[in-house]
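Participant: quick check, what structure comes out for this input:
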Amino acid sequence: MTSVNPTQRPARSVLVTGGNRGIGLAVARAFADAGDHVAVTYRSGQPPQGFLAVQADVTDPASLDAAFAAVEAQQGAVEVLVANAGTTRDQLLMRMSDEEFDAVVDANLSGAWRVARRAVRGMVRAKRGRIIFMSSVVGLYGSPGQTNYAASKSGMIGLARSIARELGSRGITANVIAPGFIDTDMTRELPEATQADYKARIPAARFGDVDDIARAALFLAEAGYVNGAVLPVDGGLGMGH
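Facilitator: Predicted coordinates for the structure are as follows:
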């Protein structure tokens, strides 16, 4: 994805958690193309090329603190945070274990809270900042077999809005992107019949592209008077929720 920076503003320090693949990587590339200094966190696997990549686990506060310190040393305090890291452990409600529920909520919701808590240190000092939480249409729409995931993604809305009220007067915004079904490696692995069923529910009649999410993130990073909002990027799937 390529884009032009129309405002010719100074480059910002951007951090994307879980930025080594899929939506996170597309978001990182979009900010880099816009002229920003971009760092990404990754928990496992190979780090992406072309970014400051720091290994971190959002369930481990010490790991996050070390990652933020590395980013701050290289590109300054984080001005734009995209909290994208997350996981799934799908299971029917009656079969879901406490561990399966807790693990997803800890990574997705508590993890987002941890990175936001760490990022706002520098944002409060600078009196400006953008926090973008990557939620899901599932957090609004619900999904069978995903009570843990849906609860964690829905919780991000309350998290963002509380931060917006707490820190809005400091020039800090907190918003939520709620992607729908996006064309990624995960959705491509679904059976064709399942993909067709999902597409039949989407007014746009197609899956989204990772660049659709990246453009939404760029918009929220520029939009200083959008705060506590939920931006659905789902082809109309979740409208009204």
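Participant: run a quick neighbour tally on Q74.
Facilitator: When neighbours are defined as other CB atoms under 10 Å, Q74 has 12 of them. C-beta coordinates here come from the backbone N, C-alpha and C atoms, glycine included.
Participant: ditto for G224
Facilitator: 11.
Participant: looking at this, it is in a helix?
Facilitator: No. Read with DSSP: H, G, I helix; E, B strand; the rest coil, G224 is coil and lies in no helix.
Participant: residues contacting it?
Facilitator: By CB atoms under 8 Å, 6 or more residues apart in numbering, G224 lies in contact with G171, T173.
Participant: same question for the one 10 residues further on.
Facilitator: D234 makes contact with V137, A178, P179, G180, F181, I202, G208 under the criterion CB under 8 Å, 6+ apart.
Participant: same deal with G228?
Facilitator: A160, R161, A164, R165, G168, T173, A174, N175.
Participant: count the residues that sit near the second one.
Facilitator: The reference is to R161. Neighbour tally, R161, other CB under 10 Å: 17.
Participant: if we can go back for a sec, which of the contacts of D234 sits closest to V230?
Facilitator: A178 (5.7 Å; CB to CB).
Participant: burial measure for the closest one, as a count.
Facilitator: 27.
Participant: surely it is in contact with G235?
Facilitator: No. A178 is not in contact with G235 according to CB atoms under 8 Å; the separation is 11.8 Å.
Participant: about what we covered before: which two among the contacts of G228 are spaced furthest apart?
Facilitator: The most widely separated members of the contacts of G228 are R165 and N175, with 12.9 Å between them, by CB to CB.
Participant: elements contacting the longest strand anywhere in the chain?
Facilitator: In the chain, taking DSSP state E as the definition, the longest strand is strand 172-179. For strand 172-179, the packing partners by 3 or more CB pairs under 8 Å, 6 or more residues apart in numbering; DSSP states H and E come out as helix 111-126, strand 129-134, helix 147-167, helix 210-222, strand 230-233.
Participant: ok, now with 10 Å
Facilitator: Under the contact criterion of 3 or more CB pairs under 10 Å, 6 or more residues apart in numbering; DSSP states H and E, strand 172-179 touches helix 22-33, strand 80-83, helix 111-126, strand 129-134, helix 138-141, helix 147-167, helix 210-222, strand 230-233.
Participant: tell me how far the longest one lies from the chain's centre.
Facilitator: Looking back up the chat, that one is helix 147-167. Helix 147-167 has its average C-alpha position 12 Å from the chain's average C-alpha position, going by CA atoms, centre = their mean, to the nearest Å.
Participant: CA atoms only for it, dumped as PDB, please.
Facilitator: C-alpha atoms of helix 147-167 as PDB (Å, rounded to 0.1, in the frame of the first residue of the first chain):
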ATOM      1  CA  THR A 147     -17.600 -16.100  23.800                       C
ATOM      2  CA  ASN A 148     -14.100 -15.500  25.000                       C
ATOM      3  CA  TYR A 149     -13.000 -13.600  21.900                       C
ATOM      4  CA  ALA A 150     -16.300 -11.600  21.600                       C
ATOM      5  CA  ALA A 151     -16.100 -10.600  25.200                       C
ATOM      6  CA  SER A 152     -12.500  -9.400  24.900                       C
ATOM      7  CA  LYS A 153     -13.200  -7.400  21.700                       C
ATOM      8  CA  SER A 154     -16.400  -5.900  23.100                       C
ATOM      9  CA  GLY A 155     -14.500  -4.900  26.200                       C
ATOM     10  CA  MET A 156     -12.100  -2.700  24.100                       C
ATOM     11  CA  ILE A 157     -15.000  -0.300  23.500                       C
ATOM     12  CA  GLY A 158     -15.400   0.400  27.200                       C
ATOM     13  CA  LEU A 159     -11.700   0.600  27.500                       C
ATOM     14  CA  ALA A 160     -11.300   3.100  24.700                       C
ATOM     15  CA  ARG A 161     -14.200   5.300  25.900                       C
ATOM     16  CA  SER A 162     -12.900   5.400  29.400                       C
ATOM     17  CA  ILE A 163      -9.500   6.500  28.200                       C
ATOM     18  CA  ALA A 164     -11.100   9.100  26.000                       C
ATOM     19  CA  ARG A 165     -12.900  10.600  28.900                       C
ATOM     20  CA  GLU A 166      -9.900  10.400  31.200                       C
ATOM     21  CA  LEU A 167      -7.300  11.800  28.900                       C
END
